[in-house]
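Undergrad: Coordinates for the following, if possible.
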Amino acid sequence: MPKKPQQPIVMIHGWGTDSQIWQSLPERLSATRGQGCQIQTLDLPGFGDTPTLDEYTEASLVNWLAKQLPSHCYLIGLSLGGMLCRAFAAQYPERVAGLITISSNLKFVANEQYPHAMERDDFDGFLSSWTENSQTCLKRFTGLLAQGDTHQRPLIRQLRSIESKIDPLAGAGLLQLLGSLDNQPHMTQIQCPSLNVFAEFDALVPVAAAANIENTQIISGAGHLPHLTAADQLIEVVDDFFESQSYRLDKQKVAESFGRAAQKYDVVAQLQHRIGEELLNSIPNHQTPANILDLGCGTGYHSVQLQDRFPQSQVTGVDISPGMLAYAETQYPDCTWLCSDAEQMDLATGSQQLIFSNFAVQWCDNLARLSAELHRVLAAEGQVYLVVPGPQTLLELRHAWAQVDEGIHVNRFASLQEWKAALTEAGFNKVTLESNLVTEQHQSVRELLLELKNVGAHNNNAGKANHLTGKQQLKALYNAYENYRLPDGTIPATWEIISGVITKSSLPNL
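TA: As a prediction, the model looks like this:
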């Protein structure tokens, strides 16, 4: 089964060159991603054979991209191209499946608030030299593209052999735009998965700029053009990014799946309820939190238990699924419910003294963003009581499916180490989590699959196999699972339970 993203990939170059700067990268990526992968290189207006624009502003370039790009695609942008891709992804989030930037700063020109960029005097000198003599300016720019790279000399020779077509007015317009672009406001608006690649010895975009951006990778030994001198490193991190999209959760599908399961959930979610009650009982009786958040409350099963346990507290049940909350309201009309994404909650900063979350936040894609949001919403000295499944969950089912085909049939869950790292990075002072294996027994594989469906926990990956599971596949799965059948005739289903308490101190981490 070939590895490939579901949408085409469009690559956009930076200033001073046209699409020739990509050299062999499109062909190498196409070979890596597999047969059928569509890769397109796009020349910016006035570069290559693309007609010029009347004006070169962020708005005009974003509008131009909107006319050129497919309705849904992955974007790979180099330097200025990456900055324009970010602006487009912020304005047209529904059209971008994923975004990769290479050597792209948030601001190309430094100021007092953003020092990790090119000095203003140096940039103004470039702008003046382009007006005076564009060829001399490009020669100087070529030197900076290669400066610091461990293969600097052969890279300069390679760059000088590339004869890019640049309209003089377009070159000036895009250079001025490069000096004024500011991606900082866009970063919170970008909804798609992203990867930001920096180079260790980049003379144009300091590697220190990577500290200002999430989801970064640093290519060692390279200058501004790592795809030319460290292509193997770059292709590896890009391929890992695309591979991770196969396991990316589709939150809309998650919400819909749990909404459909609402009526049957409490009957079949015996494991989830049992583990949740153990977590709830671990909360000390002497605590008197003013506000309690049941994050991922589902049917409200534990929200009501929390309210009974702490009658003086205000308990709010939060869930991403409108269907689950609609059911919860019919069962417990006196409770408070909020439909919200755990990674971006409509709650005031520091408003919750206790957050309870049982088998819920594993459906979040970005652990760093989730952890930061938990830290934001939680009051000082507050605590998070957490249960999530770990990566060994349903290992028998995962291994059995692997004998049938190469599709993605079982959700991937973060490890104990990944949770600890994300929570600590977010600022939590004490993270006390542990992992335990629990084995559930079922009469048949069909019974197991039906239970997973009825609790809404079947495969909700955005990149899962796009074909329906047929009778032959299920038969093969049942046969493969026979290897795990126990002496008493039942089949096991392992659950890795990651659970514990996370504390937010009023003091900063030391």
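Undergrad: can you tell me the distance between the two ends of stretch 139-154?
TA: This stretch, stretch 139-154, spans 15 Å end to end (Cα to Cα, to the nearest Å).
Undergrad: Return the mean pLDDT over it, rounded to an integer.
TA: For stretch 139-154, the mean pLDDT works out to 95.
Undergrad: what's in contact with that stretch?
TA: 16, 126, 129, 155-156, 159-160, 199-204, 221-225, 229 (Cβ atoms under 8 Å, 6 or more residues apart in numbering). Where you see a C-beta, it was placed from the backbone N, CA and C, and this is true even at glycine.
Undergrad: and those, which of them are in helices?
TA: In helices, defined here by DSSP state H, the members of the contacts of stretch 139-154 are Phe126, Ser129, Leu155, Ile156, Leu159, Arg160, Thr229.
Undergrad: okay but the last one is in contact with Ala222, surely?
TA: The one in question is Thr229. Yes - if you go by Cβ atoms under 8 Å, Thr229 and Ala222 touch, sitting 5.4 Å apart.
Undergrad: neighbours of Pro8, just the number please.
TA: Other residues lying near Pro8 total 16 when counted by other Cβ atoms under 10 Å.
Undergrad: wait, I meant Leu395
TA: 17.
Undergrad: mind checking how far it is from Cys85?
TA: Going from Leu395 to Cys85 by Cβ to Cβ, to the nearest Å gives 38 Å.
Undergrad: and what of Asn133?
TA: Taking Cβ to Cβ, one finds Asn133 at 30 Å from Cys85.
Undergrad: Look at Thr229 and Ala222 and report which has more neighbours.
TA: Using other Cβ under 10 Å as the criterion, Thr229 and Ala222 rank with Ala222 on top: 28 against 22.
Undergrad: and that one, how far is that from His151?
TA: 8 Å.
Undergrad: Give me the common contacts of those two.
TA: With Cβ under 8 Å, 6+ apart as the test, Ala222 and His151 both reach Thr229.
Undergrad: hmm, back to that, who has more neighbours out of Asn133 and Cys85?
TA: Cys85 (30 against 11).
Undergrad: give me phi/psi at the closest residue in space to Glu55 that isn't next to it in sequence?
TA: Ranked by Cβ to Cβ, 6 or more residues apart in numbering and with sequence neighbours excluded, the top spatial neighbour of Glu55 is Gly173, at 7.3 Å. With angles defined as degrees, to the nearest 10, Gly173 sits at phi -60, psi -40.
Undergrad: coming back round to it: select only the buried ones of the contacts of stretch 139-154 in ChimeraX?
TA: Those of these that count as buried under 16 or more other Cβ atoms under 10 Å are selected in ChimeraX with:
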select :16,126,129,155,156,159,199,200,201,202,203,204,222,223,224,225,229
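Undergrad: and the helix of greatest length in the chain, average pLDDT?
TA: For the chain, the helix with the greatest residue count under DSSP H is helix 251-268. Taken as a whole, helix 251-268 has a mean pLDDT of 74.
Undergrad: Flag every buried residue along it.
TA: For helix 251-268, by 16+ other Cβ under 10 Å, it's 251, 253-262, 264-266, 268.
Undergrad: Show me what that helix is packed up against.
TA: Secondary-structure packing of helix 251-268 (3 or more Cβ pairs under 8 Å, 6 or more residues apart in numbering; DSSP states H and E): helix 322-331, helix 445-454.
Undergrad: quick one, it and helix 445-454 angle?
TA: 120 degrees (axes from the mean of the first three to the mean of the last three Cα atoms, to 10 degrees).
Undergrad: Give the next helix or strand downstream of helix 251-268.
TA: For helix 251-268, the following helix or strand on the C-terminal side (DSSP states H and E) is helix 270-281.
Undergrad: tell me which element Gly500 is part of?
TA: strand 491-503.
Undergrad: Now the terminal residues of stretch 200-214, how far apart.
TA: Its start and end residues considered, stretch 200-214 measures 17 Å (Cα to Cα).
Undergrad: Give me the residues contacting it.
TA: 79, 103-106, 108, 114, 116-118, 144-145, 147-150, 187, 194, 196, 198-199, 216, 218-224, 368-369.
Undergrad: Just the buried residues out of those residues, in ChimeraX syntax.
TA: Buried members of the contacts of stretch 200-214, defined by 16+ other Cβ under 10 Å, are picked up in ChimeraX with:
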select :79,103,104,105,106,108,114,116,117,118,144,145,147,148,149,187,194,196,198,199,216,218,219,222,223,224,369
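Undergrad: Next, the distance between the ends of stretch 451-470.
TA: Start-to-end, stretch 451-470 (Cα to Cα) is 19 Å.
Undergrad: residue ranges with poor pLDDT in this structure?
TA: 1-6, 34-36, 246-251, 254-255, 456-469, 507-510 (pLDDT under 70).
Undergrad: Quick check: Ile190 is in a helix.
TA: No - according to DSSP: H, G, I helix; E, B strand; the rest coil, Ile190 belongs to no helix; its state is coil.
Undergrad: With adjacent residues omitted, what lies nearest to it?
TA: Per Cβ to Cβ, 6+ apart, closest to Ile190 is Ala89, 4.8 Å.
Undergrad: So the one you found is in contact with Thr188, correct?
TA: No - here Ala89 does not reach Thr188: they are 11.8 Å apart, not a contact under Cβ under 8 Å.
Undergrad: Look at these two and report which has more neighbours.
TA: For Ala89 and Thr188, the more surrounded residue by other Cβ under 10 Å is Ala89, and the numbers stand at 26 against 9.
Undergrad: For the helix or strand in which the more buried one is found, C-alpha coordinates in PDB please.
TA: Secondary structure assignment for Ala89, by DSSP H and E: helix 80-91. C-alpha atoms of helix 80-91 as PDB (Å, rounded to 0.1, in the frame of the first residue of the first chain):
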ATOM      1  CA  LEU A  80       9.100  34.100   1.500                       C
ATOM      2  CA  GLY A  81       7.000  31.300   0.000                       C
ATOM      3  CA  GLY A  82       6.500  29.800   3.400                       C
ATOM      4  CA  MET A  83       5.400  33.200   4.900                       C
ATOM      5  CA  LEU A  84       2.800  33.600   2.100                       C
ATOM      6  CA  CYS A  85       1.600  30.000   2.700                       C
ATOM      7  CA  ARG A  86       1.000  30.800   6.300                       C
ATOM      8  CA  ALA A  87      -1.000  33.900   5.400                       C
ATOM      9  CA  PHE A  88      -3.100  31.900   3.000                       C
ATOM     10  CA  ALA A  89      -3.600  29.100   5.500                       C
ATOM     11  CA  ALA A  90      -4.800  31.600   8.100                       C
ATOM     12  CA  GLN A  91      -7.300  33.200   5.700                       C
END
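Undergrad: pull the CA atoms of the helix or strand following it into PDB?
TA: Using DSSP H and E, the next helix or strand after helix 80-91 towards the C-terminus is strand 96-102. Taking C-alpha atoms only, strand 96-102 is exported to PDB below (Å, rounded to 0.1, in the frame of the first residue of the first chain):
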ATOM      1  CA  VAL A  96      -5.100  23.700   3.400                       C
ATOM      2  CA  ALA A  97      -4.700  20.100   4.500                       C
ATOM      3  CA  GLY A  98      -1.200  20.700   6.000                       C
ATOM      4  CA  LEU A  99       1.600  23.200   5.900                       C
ATOM      5  CA  ILE A 100       5.300  22.800   5.700                       C
ATOM      6  CA  THR A 101       7.600  25.900   5.800                       C
ATOM      7  CA  ILE A 102      11.300  25.700   5.100                       C
END
